[in-house]
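# fold the following, please.
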Amino acid sequence: LRAESDEEAKGLEIFTERWVIAPVARQIENVTGEHFDPGVIRDFVAERSRQHGAELAAKAAAWTRGGVLAVAGSVYEFFLILMIAAFLVIDRKRIARFFANLPPPEMRAGWDRLVGYVDRGLAGVIRGQLVICVVNGLLTWVGLLILGVPYATLLAFVAGVLSLIPVFGTIASSIPIVLVALATGGIGTGLLALGWIFLIHILEANVFNPLIMGTSAELHPVLIVFALLAGEHAFGVWGALLAVPTASILISVFKYYRHEVLGVPTEEPHGHGKWFRDLMKRRGGPQTDTPAGGST
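Below you'll find the model as predicted:
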């Protein structure tokens, strides 16, 4: 290994001398008309190499430390979230009773109706987004298998997980897919992969989101985009991840105030998801028109 390294270093030195130092020295002599010592360039290149070599080593060490800390922090946060979620699921009834007993007795009926509005809207958003993640991951996996892109399962899994963040997750998941397709299959495969991703997200925007979000939570896509922009601007990735559930809670509170406090009658559902609700009515399926009190 040492002999091979010495040969490679010697070959690089010969290449630099022949194709960099000597041509530059001749060009300087042609311009100035005087003899120029190539050793000046040789010493300059050696000095800059030593300086940048030390800087690159320091930067590589810093990047390595930062990467290890970032991975460790992500693993810690992942297991912390799982632990908190497990405690919430195990003690959900006690937690629900605690929050139900917060308002005074004369206000508990209205409190229960408000919780029903929030619960219905938030549950619809969460279930809908999870279904969209699964559908996106499956469609991505099928398309990558057809195109022969390697690591199809891993890339599809990443695409499904990042679909938890609407709009921005789509962009983030598309970049590695297109890069892998370009690197392994050329420009044609890369363009086909990009076209397949584009088709999936056209279906998501025009079919999945209107059907699921419109039916369960009645969130208009424009509201979703504005919520994402505000959340990402204020709190970064976590803000984008929690933007849609937060928007659903605020809209549910507004609906409660409008219908229960002001007494405005509930309108006939319209817009996104209406065709699916009408289909469910004709088939005798469950109704999602008016939020009811209580937990779903």
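# excluding chain neighbours, what is closest to the residue nearest in space to the middle of the chain?
Centroid-nearest residue in the chain, with C-alpha atoms, centre = their mean: Gly169, separated by 3.0 Å. Closest residue to Gly169 apart from its sequence neighbours, by C-beta to C-beta, 6 or more residues apart in numbering: Leu162 at 3.7 Å. Placement of C-beta: from N, CA and C, glycine included.
# OK, contacts around Ile95?
Neighbouring residues of Ile95 by C-beta atoms under 8 Å, 6 or more residues apart in numbering: Leu88.
# element containing it, please.
Taking DSSP states H and E as the definition, Ile95 sits inside helix 92-100.
# what does Val149 give?
Going by DSSP H and E, Val149 is not part of any helix or strand.
# and it, how far from Ile171?
18 Å (C-beta to C-beta, to the nearest Å).
# ok, now Trp63?
Counting by C-beta to C-beta, the separation of Trp63 from Ile171 is 24 Å.
# Val149 and Ile171: which has the busier surroundings?
When Val149 and Ile171 are compared for neighbours, Val149 comes out ahead with 25 against 12, by other C-beta atoms under 10 Å.
# now that one. Nearest residue, chain neighbours left out?
In space, and not counting its chain neighbours, Val149 is closest to Ala181: 5.0 Å by C-beta to C-beta, 6+ apart.
# the helix or strand encompassing that neighbour - what's its average pLDDT?
Using DSSP H and E, Ala181 maps to helix 168-203. Throughout helix 168-203, pLDDT has a mean value of 85.
# list the buried ones in it?
168-170, 173-174, 177-178, 180-182, 185, 189-190, 192-193, 196-197, 200-201 (16 or more other C-beta atoms under 10 Å).
# elements contacting that helix?
Helix 168-203 is packed against helix 108-147, helix 152-162, helix 221-256, with contacts defined by 3 or more C-beta pairs under 8 Å, 6 or more residues apart in numbering; DSSP states H and E.
# please name every helix or strand in contact with the second one.
Using 3+ C-beta pairs under 8 Å, 6+ apart as the contact criterion, the elements in contact with helix 152-162 are helix 108-147, helix 168-203.
# how about low-confidence regions in the stretch 101-250 of the chain?
The stretch 101-250 of the chain contains residues with pLDDT under 70 at 166-168, 205-206, 209-217, 221.
# Gln170 is in contact with Val158, isn't it?
One correction, residue 170 is Thr, not Gln. No - in this structure, Thr170 is not within contact of Val158 by C-beta atoms under 8 Å, at 11.8 Å.
# if we can go back for a sec, how near is the residue nearest to Val149 to Leu194?
In terms of C-beta to C-beta, Ala181 sits 8 Å off from Leu194.
# what do you get for Asn136?
Taking C-beta to C-beta, one finds Asn136 at 15 Å from Leu194.
# what's the answer for Leu138, then?
Note on Leu138: its distance to Leu194, by C-beta to C-beta, is 19 Å.
# what do you get for Val75?
Val75 sits 32 Å away from Leu194, taking C-beta to C-beta as the criterion.
# repeat for Val225
As judged by C-beta to C-beta, Val225 and Leu194 stand 22 Å apart.
# how about Leu122?
Using C-beta to C-beta, Leu122 is found at 34 Å from Leu194.
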